[in-house]
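>>> coords please:
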Amino acid sequence: MGSVRWKTHQQWLIIFWILSFSGVFGFSELWFSIEPQDVSVSAGQHVVLDCQAGGESPVSVRWRKNGVQIQESECVRLLSNGSLCVSNLTQQRDEGYYQCIANNQYGAIISHRARLTITGVLVFSAHPVPLELRLGSVARFSCAVDRSPVDISWEINQRSLPQDSDRITVLPNGVLQIRNVTMRDAGKYRCVAANAASRVTSREAELVLIPAGGPRRLLKPLIIAGPQNISVALHQPVVLECLAEGNPRPLVSWSRADSKPIDVSAASVLGNGNLMISAVKAHHSGTYVCRATTPGTRNYTTAAGNVTVLLPPSLVEKPESQTRPRAGTARFSCQAEGTPTPQITWFKNGEVIRTNGRTKMYNNKLVITQIIPEDDAFYQCLAENSQGSVVSTSRLIVVQSENRPSAPRNIHAETISSSAILLAWERPQYNADKVIAYSIHYMKSEGLNNEEYQAVIGNDTTSHIVDDLEPARNYTFYIVAYMAMGASRMSEQVTRHTLEDVPLRTPELSLTSRSPTDILVSWQPLPPKLSRGRVSAYRLSYRTATDEQVNSVELPVSGENGTQYLLQDLQPDTIYLIRMSVSTRVGWSQPSAWSSHRTPKTSSATVPPAPNLELEPLNCTSVSVRWFPAASDVLIQGFKLSFHPDGQSEDSITQLPPQDHQHTITALNPRVKYHVKVLAFSANGDGYQAHQTVNTPGCPSTPNRRLAALPPPDHTHAKANSSSAVHLSWGRPAFSSGKPVTFSVRYGPASPSEASSVRYIQTSEQTVMVTGLQPNTRYEFAVRLHMDQMSSPWSATVYQRTLLEAPMSPPESVKVTLIEADTALVCWKQPNQPNLSVTHYTVLYASQSSWLAGEWQVLQREGTNTMALLEKLESGNVYLVKISASNLAGDGPFSNTVELAVKGKPHHGKNPRHADSHAEKTAFIDGLYHIDEKSMSGIIVGVCIALSCIILCIFILLSKTQTQKSASSKMIGSMRNEVMHNEASSANQQPAENAEVLLPMMRNHFIDAKGGSNLLINHAGPINCGSQTKRKRWSIFNHSQRSNESKNETEDPACLYEVGKTVLCYEDEAAKASLHILYRPLGESESSQTSGGDSGNYSQDETETSSSKKPTYRPDDETNETASSVCVVNVLEEMQNKSTSNLQFVQIPI
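This next block holds a predicted model:
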């Protein structure tokens, strides 16, 4: 029970110790009831500067001027209440800053500074200059004095200038404006300045007027005097001038560059467009734009000026009074804001504090370690700028106690990682039982005024891990043992080095081109806080904006860090993407974001080289841009400057005169990365461009945070879910915090030309489905973490391409044109669908009769082809054509059907432009079609004529001798091979109109051969007389298949064949003779297959395979036909227009 009470007692003592020693106590030992104020008086007069102090007596007061003690004299007297009286004032002796100091037994304090200004004789710093103008123009005079406030007026010919006309405007800043000058305005002008002490006049400037030579011509608006960058004190008036000239008279309007409204309650317009703010406040700071516009037109011109409101210092964090034991540590913090940024000075008992081993100042903080009794004093923070000063007072009370424990012993440090060090020690040798807690103090070993950190732990351990350290840094540690009302001396100090880590960030890149084929990449070495170790190598990666292949080059660092590299052999006028990675001995950092740069165009003209560019942030909303033109013989006519935030498109270009080498960019956003580009131009065109980035700092009102903030999310993974969605997941970094976190997802197309398409998603989950994406597009994704108004860096960028999308619409603009009698050209355009990839097109076409039967002929073309030829079209038919697009994701819809009427009569002996032996055929369904009676009559007539010719040939040949028959047989045998060869070759050359015909016969009908012959033919074959057992047979062509190779008697039919003619062949056999009359395209075998027509490129070599085999026709009786002679009859003229689908075969025995 006793041990439990003792532990509870210890816990309460620790809590009391931490709270009481860091608490805020009000001390009333010494204070100021009245402090001196700024005052302005005339020379020769006297002034009293008030100062009254209170506190425990005795309290004494003394004065300082500009930090130096004031001694009383005849003109300077210290009054009994502590005020200071100065008489017979002179500017040289008495003007300056005054402070009073009050002190008593507890210490001393100082007041804020008061400025004493002596108003002496005014002196002009600028005089008006003479003018020579045409009648009707605008005149402007100006003057300036070296002091304010002052009243300024104008005189003409040494008389007061009347201001009874709205043409004349006198501005408070000493500017005189006269519009539409007339002859009575001619004269000598001078400026009169007056204050309480003097009245002075400037030199005279004459206005000479030239008569107008005729009516004034039309002039675009021109701003003669625009607003200037001006700094003005709080609650003072400011005038922004805008004097414009033009014909007709332009209208003047005002706006703010940040699109904020102008506070009209304190603003007014003087004359014709001058803006005056009577009493400026902090929100009046900004960039004001004057716009002069020609009435009724869009012709305008603009001018801009920046207004900076100067604000006196104000304390946002004041130091607190503290009570600390001997050997303890005291920390005072003081934060101030104002414009310009206030400077912080620390005082101890009225004296400026200097840094020493125990006392350090950093980031407007004061840290006193190993406190001794002499540190008991008043500590003051003085914040001062050009607009005034402010002081805050605090007190440090040192508590002393007896029987303090001795210092901890045998301190040992061991490095664990790049951010953690293990400390171990032994308990104090004396009074160790009185120790209730240990305080571990550590700071960076290198540099001055390093911040000291403190960690308090209980007395139940003698080891502690100090984490959150910076990598590759030396740290110094010491330990103090605390008791209830005191502390031991500090232990011995130990120093330990943390391990290296991968760099936290990459350098900012500067990109310039010296020629159309190179890019000079330069950068500044990383500071130790970002490099986290010694940089061993840089890796530059680059690629074009349209190419996904990345080229990389590694640059080892030897000795001093290399800071530039020249990329050579690049393509002119091409956008390149460049990024960098940095390596230490531990590994590589995450690569930077892509920076884009366009190489110059190739030109024979000489253009200015890229200037040397320097960027420096002035404050959280403005950046100073300085450039130095490179040595060149080209005459520079000016410079062009542009800037834009990272990830956004470029703003408008600002053109600057050639003598300007500096420009200030204002109205920026705090903590934003900006790209700045500058180039020089000449008569030959724009020169090479210098490109650099800069980060604007945070505003003073934003609390400064340590750089090593939150770690970025890790294990980022993207997976395409569909053609318009990607599933993104990531891991939360390992750090101990129970606070809620949120994530920002940044995504956009990988191409920099679409930088404006970058989008953001906020979520509290570790997965998100990114929707609304374009199909078949490569996207990049990054994630960052937010917690307690802090943000981590962006994670490593991951890339993912969305899935391919099937065509959703048919091909467009389908057109079919008949280019020959039987050939048509079909062309189309790709479907109107973003990022669509087409692998092939399918063309379906059919005649109307085939379409009714559902029969389509199919052609396929590659995705890069948008034309195709439709061949072997039949005249007199109307064809229907439709097209669809396909890719790996699927087939798209067919287009609307387009009709094509094929008219005209084919001509014999005329080859088409392209003939293909594999023409598309229409499938036969349900057997063969029958031809009509009219076609049948024509066939019978043709057969009769053919039979007559055959009989005549038989009688002629019978008269030949056997020897002639043998010789003819040999000759015919040799000619057959040639004919067979000619037949195969001529099949690809004959036009579609030249066709052989299989003469159809009606089945179950008999044909009686007239003219004395006993030839009787029906569908089954010839009917012969029994007496005729052996007969010579004559054949024109043999169509029987030679399938039986085992026959003893080998047939050797001979034929004399020539295209377009009928040739008689004969052979002696006892077999039956038969006559085949064929109707089919000449030169095409009966077993030929279909194939597509020629491609849209009109190439005879290119063929496409149909999606399915077309049915082919083979006569039923062909396989059973024995070797016999056949007579082939030429196509009859009247049969040329008949359908080739109605095929019949008939045998005519002889």
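
>>> Would you confirm that Leu530 belongs to a strand?
No. Under DSSP: H, G, I helix; E, B strand; the rest coil, Leu530 sits outside any strand and is assigned helix.

>>> these two touch, right, it and Asp501?
No. The pair Leu530 / Asp501 is not scored as a contact, 10.8 Å apart, by Cβ atoms under 8 Å. Where C-beta positions appear, they are placed from N, C-alpha and C, glycine not excepted.

>>> just the helices in the protein please.
Using DSSP state H, the helices found in the chain span residues 2-21, 91-94, 528-531, 848-852, 933-958, 962-987.

>>> Can you mark which positions in the third one are buried?
For helix 528-531, the neighbour count (16 or more other Cβ atoms under 10 Å) marks Pro528, Leu530, Ser531 as buried.

>>> Now render these as a markdown table, adding pLDDT.
Formatted as a markdown table, the buried residues of helix 528-531 follow (pLDDT from 0 to 100):
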| residue | pLDDT |
| --- | --- |
| Pro528 | 83 |
| Leu530 | 85 |
| Ser531 | 86 |
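
>>> tell me which of those residues is nearest to Ile368?
Pro528 (27.1 Å; Cβ to Cβ).

>>> show me what contacts that closest one?
Contacts for Pro528 (Cβ atoms under 8 Å, 6 or more residues apart in numbering) come out as Glu470, Ala472, Arg473.

>>> Check Leu131 too.
Contacts of Leu131 by Cβ under 8 Å, 6+ apart are Ala139, Arg140, Phe141, Ala205, Glu206, Leu207, Val208.

>>> Pull up the gap between the closest residue to Val607 other than its chain neighbours and Gln637, please.
Closest residue to Val607 in three dimensions, ignoring its sequence neighbours and counting by Cβ to Cβ, 6 or more residues apart in numbering: Gly687, at 4.3 Å. Separation of Gly687 from Gln637 (Cβ to Cβ, to the nearest Å): 10 Å.

>>> and for these two, which residues touch both?
Phe681.

>>> Which one's more surrounded, the two?
A count of neighbours by other Cβ atoms under 10 Å puts Gly687 above the other of Gly687 and Gln637, at 26 against 14.

>>> looking at it, that one is touching Pro609, isn't it?
Yes. With contact defined as Cβ under 8 Å, Gly687 counts as touching Pro609 (6.3 Å).

>>> Mutual contacts of those two, please.
Ala680.

>>> Tell me how many other residues crowd Arg64.
18.

>>> show me what contacts it?
Ile70, Tyr98, Gln99, Cys100, Ile101, Ile110.

>>> per-residue confidence for it?
pLDDT for Arg64: 91.

>>> Please apply the same query to the one 5 residues further on.
Among the per-residue scores, Gln69 holds a pLDDT of 89.

>>> Also the one 3 residues further on?
For Glu72, the model assigns a pLDDT of 86.

>>> Next: the one 3 residues further on.
Looking at Cys75, its pLDDT stands at 87.

>>> likewise Lys970?
pLDDT, Lys970: 47.

>>> Check the one 10 residues further on too.
Looking at Met980, its pLDDT stands at 43.

>>> Could you do Ile636 as well?
For Ile636, pLDDT reads 87.

>>> and it, what does it touch?
Residues in contact with Ile636 (Cβ under 8 Å, 6+ apart) are Pro608, Pro629, Pro658, Ala680, Phe681, Ser682, Gly687.

>>> Quickly note the distance from it to Val47.
Distance, Ile636 to Val47, using Cβ to Cβ: 56 Å.

>>> likewise Trp154?
34 Å.

>>> So for those two, which sits in the more crowded spot?
Each of Trp154 and Val47 has its neighbours counted (other Cβ under 10 Å); Trp154 has more, 21 against 17.

>>> still on that earlier bit, identify, from the buried residues of helix 528-531, the entry nearest to Gly174.
Leu530 (50.1 Å).

>>> Any figure for the gap between that closest one and Thr461?
34 Å.

>>> before we move on, what about Pro810?
Distance, Pro810 to Thr461, using Cβ to Cβ: 78 Å.

>>> Next: Ala537.
42 Å.

>>> Also His663?
60 Å.

>>> What of Thr817?
Distance from Thr817 to Thr461, by Cβ to Cβ: 94 Å.

>>> do the same with Leu49
Relative to Thr461, and taking Cβ to Cβ, Leu49 is found at 59 Å.

>>> more neighbours, the two?
Set Leu49 next to Thr461 and count neighbours by other Cβ under 10 Å: Leu49 wins out with 22 against 10.

>>> May I see the buried residues of stretch 64-76?
By 16+ other Cβ under 10 Å, the buried positions in stretch 64-76 come out as Arg64, Lys65, Ile70, Val76.

>>> do the same with stretch 790-798
Ser791, Ser792, Pro793, Trp794, Ser795, Ala796, Thr797, Val798.

>>> So what's the residue count around Asn349?
For Asn349, the neighbour count with other Cβ under 10 Å is 17.

>>> Roughly how far does it sit from Asn104?
11 Å.

>>> go on, Glu374?
For Glu374, the distance to Asn104 - Cβ to Cβ - is 17 Å.

>>> for Arg784, same thing?
From Arg784 to Asn104 the distance is 56 Å (Cβ to Cβ).

>>> Also Val943?
Applying Cβ to Cβ to Val943 and Asn104 gives a distance of 148 Å.

>>> more crowded one of the two?
Using other Cβ under 10 Å as the criterion, Val943 and Asn104 rank with Val943 on top: 22 against 17.

>>> Report the contact partners of the residue nearest to Ala720 when sequence neighbours are not counted.
Distances taken as Cβ to Cβ, 6+ apart place Leu803 nearest to Ala720, at 4.9 Å, with adjacent residues excluded. Residues counted as contacts of Leu803 (Cβ under 8 Å, 6+ apart) are Ala720, Asn721, Ser722, Ser723, Pro775, Asn776, Ala889.

>>> and Leu803, what are its phi and psi?
The phi/psi pair for Leu803 (degrees, to the nearest 10) reads phi -70, psi 160.

>>> Got the confidence number for it?
Leu803 is assigned a pLDDT of 88 by the prediction.

>>> low-scoring pLDDT stretches of the stretch 851-1000 of the chain, where are they?
904-938, 959-1000 (pLDDT under 70).

>>> swap the cut-off to 50 and go again
Applying pLDDT under 50 to the stretch 851-1000 of the chain flags residues 906-934, 963, 965, 967-1000.
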